[in-house]
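**Q** Quick one: sequence and predicted model below, then my questions.
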Amino acid sequence: MTTFVMFLIIGIIPEAQFDEEVNGLKKKRKKRLNKKVVIPAVLALSVTLGGFSLPGSNAHANPTTVLFQAPEGLSKAEIVKAYLQSQVVSEVGAKSASIGEQFKIVKEVADSSTNTYHVRTIEQYNGIPIYGSGQTVALDANNNVYASFGKVTQKLGRSIISTDPSITKEAAERTAKEQVVAEIGEVKQYDGVETELTIYPHEGRNYLTYLVKVSTSVPAPGFYHYFIDATTGEIVDQFNAVHEADAPAVTPITGRGLDLFGKVQNFIAVKDSTSGKSYLHGAAIGGGTTTNPNIVPVHTYKANRMGETPFILLSGLFGFSGFEVETGTSFFADPAAVSAHTNSIKVNTYYQNIHKRNSIDGNGMPIISTVHIGSKWNNAAWNGKQMLYGDGDGILFSSLAGAMDVAGHEMTHGVISKTANLTYQGESGAINESLADIFGALSEMHSHGLTSPSEWEMGEDIYTPNVPGDGGLRSMSNPKSKKLSAAYGLKDNAYPDHYEDRYLGELDKGGVHINSSINNKAAYLISEGGEHHGVKVTGITRSKTEKIFYRSLTNYLVPSSGFKEMRAAAIQSARDLYPDRNGAPSAETKAVIAAYDAIGVPAQ
């Protein structure tokens, strides 16, 4: 049985730090605010505050290249399934299957800007989803397949996998809860338990399992995933992914406060007319139309430094466990909370304005942050529901809520979980971390204005606050300038900037943070240009770079995508946005190809 912890963190922190037990803590329930009261009135304040199959050899092909000719009379969904089924090698003895039975469509998006159609699928066996599977298929204007990403499982037709569970869902949940209690102690109240029957490929076998996801806050944080064998009741695998009361009458107000850098910030908050107290419950406004703008709820809480482990709030919009950030006036005197609150709004504005994305999930999902996590916690995290910020120890880090690129990094983990859902292990985990870094940096640059200098450091505002001019936690422009422990056995004991120098060990979930620097370097080269390992890259500006990587994330990458798939997805996205002319790649596509050549990621 393999056990690992999946904190989507900004830095590399020893796993033991997250395993400490915090006993004797009591949840303090506060009155919850009513969303229905807050949101309709927010518009009045907006005037005051201002509006806010990896294509393989075809990765370099002309976009008119057809991987699969659309058969006549089939719908788009049927064409996609027919194409994917054609990638399954026929074998003697394989069960006969109707077209596309192995594949289930989970998302379809029409892209009017390129006149293309994009479909995301997962694989299934007798209607049961296969964990970690996924493909993306792109259709041209004639419904022909011109690009495809994601491996197709072979020999599934010959597989004999039991699909009749011998134990009940409730029995699997009891087993999972027993394991949680054994690990962290008595849990008086679970924040949530979700269970799904799934096929889990593990160590060369396909198991019929119940995937039980257990969310806890006290006595210790957790977003536990247990794969319970549905025939024997044994635990096949497990990991930790940390990733209505009576409502008072509230009205929106213009809140003010000093952030961690002493700058006055203005934002939407709410006031309880009965108690006279104001709370950090507001909204980010951006996108949509003048009469019908997109309004995303933004809420910020505090954990009051409860314990040494992160105090995770895995809850709904107002059904939370924690403490309100409140004031008796309109001025909020918690700089960490003010910074987290306003940074969330700025990152959402970036996604709205540049990518037309309405919050983390694209559908107006509330943006929730909690500050003052733990005692001097040197980290920030996305726990699957919200952002979490430690106060830092004042030596290695100051309060992590102060860094906008950190907020962008953590919120992007949420975007990734709602799109490609890159598995947080090995190469796919490194691409996950890299994309979080890339969009964290890009969102910060966007907030500074289009004419501001490009800045490709991660966490420079909060890293080693007593050492001026030493940059950030990670450098995207020069990864090797940041040193790592000799325990990793890396060349120069520094972050790698070339695929051949990547970390291949088991620490850091197979190098999710360490190897992220390789793809970070590619993004920097695409945007800014330069020469790297003898390869010259002509930069295409960050405005084009961000569109290429966003399209790669949302249209092409799948849970299992690694560096080669990232390269192919970026090339395909560049070709979509900046088509070849007269059979020759555009300057943008050339820049992407050169950048991935420079970091040593092969086409195949």
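**A** Ah, there it is.
**Q** I'd like the distance between the residue nearest to L450 when sequence neighbours are not counted and I367.
**A** Leaving aside its chain neighbours, L450 sits nearest to S543 (7.6 Å; criterion: Cβ to Cβ, 6 or more residues apart in numbering). C-beta: built from backbone N, CA, C; applies to glycine. Remark: distance between S543 and I367 (Cβ to Cβ, to the nearest Å) = 24 Å.
**Q** Geometric centre of the chain: which residue is closest?
**A** In the chain, the centroid-proximal residue (Cα atoms, centre = their mean) is H413; its distance is 2.0 Å.
**Q** Check what pLDDT the residue nearest to L450 gets.
**A** Predicted confidence (pLDDT) at S543: the value is 95.
**Q** What is the burial count for it?
**A** Neighbours of S543 under the rule other Cβ atoms under 10 Å: 13.
**Q** how much space between it and M566?
**A** Separation of S543 from M566 (Cβ to Cβ): 20 Å.
**Q** what do you get for S398?
**A** Look at S398 and M566: by Cβ to Cβ, they are 33 Å apart.
**Q** Repeat that for T289.
**A** Counting by Cβ to Cβ, the gap from T289 to M566 is 35 Å.
**Q** Looking at those two, which is more packed in?
**A** A direct count of neighbours by other Cβ under 10 Å for T289 and M566 places M566 higher, at 28 against 7.
**Q** Looks to me like the residue nearest to the centre of the chain is in a strand.
**A** No: using DSSP: H, G, I helix; E, B strand; the rest coil, the assignment for H413 is helix, not a strand.
**Q** isn't it right up against G429?
**A** No: the pair H413 / G429 is not scored as a contact, 11.1 Å apart, by Cβ atoms under 8 Å.
**Q** what about K302, how many neighbours?
**A** Neighbour count of K302, defined by other Cβ under 10 Å: 23.
**Q** ok, it touching D334?
**A** Yes: using Cβ under 8 Å, K302 is in contact with D334, at 6.7 Å.
**Q** what helix or strand is S543 on?
**A** Using DSSP states H and E, S543 sits within helix 542-551.
**Q** Show me what that helix is packed against.
**A** Where contact means 3 or more Cβ pairs under 8 Å, 6 or more residues apart in numbering; DSSP states H and E, helix 542-551 is packed against helix 335-355, helix 426-448, helix 516-528, helix 563-577, helix 587-598.
**Q** give me that answer again for 7 Å
**A** The contact analysis (3 or more Cβ pairs under 7 Å, 6 or more residues apart in numbering; DSSP states H and E) places helix 542-551 against helix 426-448, helix 516-528, helix 563-577.
**Q** relative to helix 516-528, how tilted is the longest one?
**A** In terms of direction (axes from the mean of the first three to the mean of the last three Cα atoms, to 10 degrees), helix 426-448 departs from helix 516-528 by 40 degrees.
**Q** So in terms of bridging, what pairs with A283?
**A** For A283, the beta-bridge partners are P297 (DSSP bridges).
**Q** surely it meets V270?
**A** No: using Cβ atoms under 7 Å, A283 makes no contact with V270, being 9.5 Å away.
**Q** of those two, who's got more company?
**A** Ranked by neighbour count (other Cβ under 10 Å), A283 and V270 place A283 first, with 31 against 25.
**Q** From T412, how far off is the nearest residue to L422 once chain neighbours are set aside?
**A** The spatially closest residue to L422, leaving aside those adjacent along the chain, is N432, at 4.0 Å (Cβ to Cβ, 6+ apart). For N432, the distance to T412 equals 9 Å [Cβ to Cβ].
**Q** again with I438
**A** Counting by Cβ to Cβ, the gap from I438 to T412 is 8 Å.
**Q** Neighbour count: those two, which is higher?
**A** Per other Cβ under 10 Å, whichever of I438 and T412 has more neighbours is I438, with 30 against 26.
**Q** Spatially nearest residue to that one (excluding sequence neighbours)?
**A** Leaving aside its chain neighbours, I438 sits nearest to A523 (4.8 Å; criterion: Cβ to Cβ, 6+ apart).
**Q** The one you found: neighbouring residues, count only.
**A** For A523, the number of neighbouring residues by other Cβ under 10 Å comes to 28.
**Q** wait, it sits on E546?
**A** No: using Cβ under 7 Å, A523 is not in contact with E546; the gap is 9.0 Å.
**Q** If T251 is in a bridge, with which residues?
**A** Applying DSSP bridges to T251 gives these bridge partners: K271.
**Q** Isn't it up against T274?
**A** No: with contact defined as Cβ under 7 Å, T251 does not count as touching T274 (11.1 Å).
**Q** more neighbours, those two?
**A** For T251 versus T274, the count of surrounding residues by other Cβ under 10 Å is larger for T251: 14 against 10.
**Q** That one and V270: what is the separation?
**A** Here the criterion is Cβ to Cβ. By it, T251 lies 7 Å from V270.
**Q** Would you reformat the helices and strands packed on helix 542-551 as CSV and include distance to K107 and mean pLDDT?
**A** Output for the helices and strands packed on helix 542-551, formatted as CSV (distance: least, Cβ to Cβ, whole Å; pLDDT from 0 to 100):
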stretch, distance to K107, mean pLDDT
helix 426-448, 18, 96
helix 516-528, 24, 98
helix 563-577, 16, 97
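**Q** do you know how far the residue nearest to G276 when sequence neighbours are not counted is from G426?
**A** In space, and not counting its chain neighbours, G276 is closest to G328: 6.2 Å by Cβ to Cβ, 6+ apart. Applying Cβ to Cβ, the value for G328 to G426 is 51 Å.
**Q** Among these two, which residue is more densely surrounded?
**A** Here G328 and G426 are compared on neighbour count by other Cβ under 10 Å; more neighbours surround G426, at 17 against 10.
**Q** Poorly predicted segments of this protein, please.
**A** Confidence mapping of the chain against pLDDT under 70 gives the ranges 1-64, 90-100, 157-158, 217, 241-249, 290, 305-322.
**Q** Can you give me the domain assignment for it?
**A** The record's domain split for the chain, according to automatic domain parsing, is 45-52+245-417, 56-149, 426-598.
**Q** which stretches of the stretch 151-300 of the chain form strands?
**A** Ranges of strands in the stretch 151-300 of the chain, per DSSP state E, counting those that start in this stretch, are 192-202, 205-216, 222-229, 235-240, 250-258, 264-272, 278-279, 281-288, 293-302.
**Q** Just give the number of residues close to the spatially closest residue to N378 that is not a sequence neighbour.
**A** Spatially, and ignoring its direct neighbours in sequence, N378 is nearest to F397 (4.7 Å; Cβ to Cβ, 6+ apart). Per other Cβ under 10 Å, the neighbour tally for F397 reads 26.
**Q** from here on, count from 371
**A** Okay, using 371 as the starting number, the last item reads as F767.
**Q** Would you mind giving both backbone torsions of F767?
**A** Dihedral pair for F767: phi -140, psi 150, per degrees, to the nearest 10.
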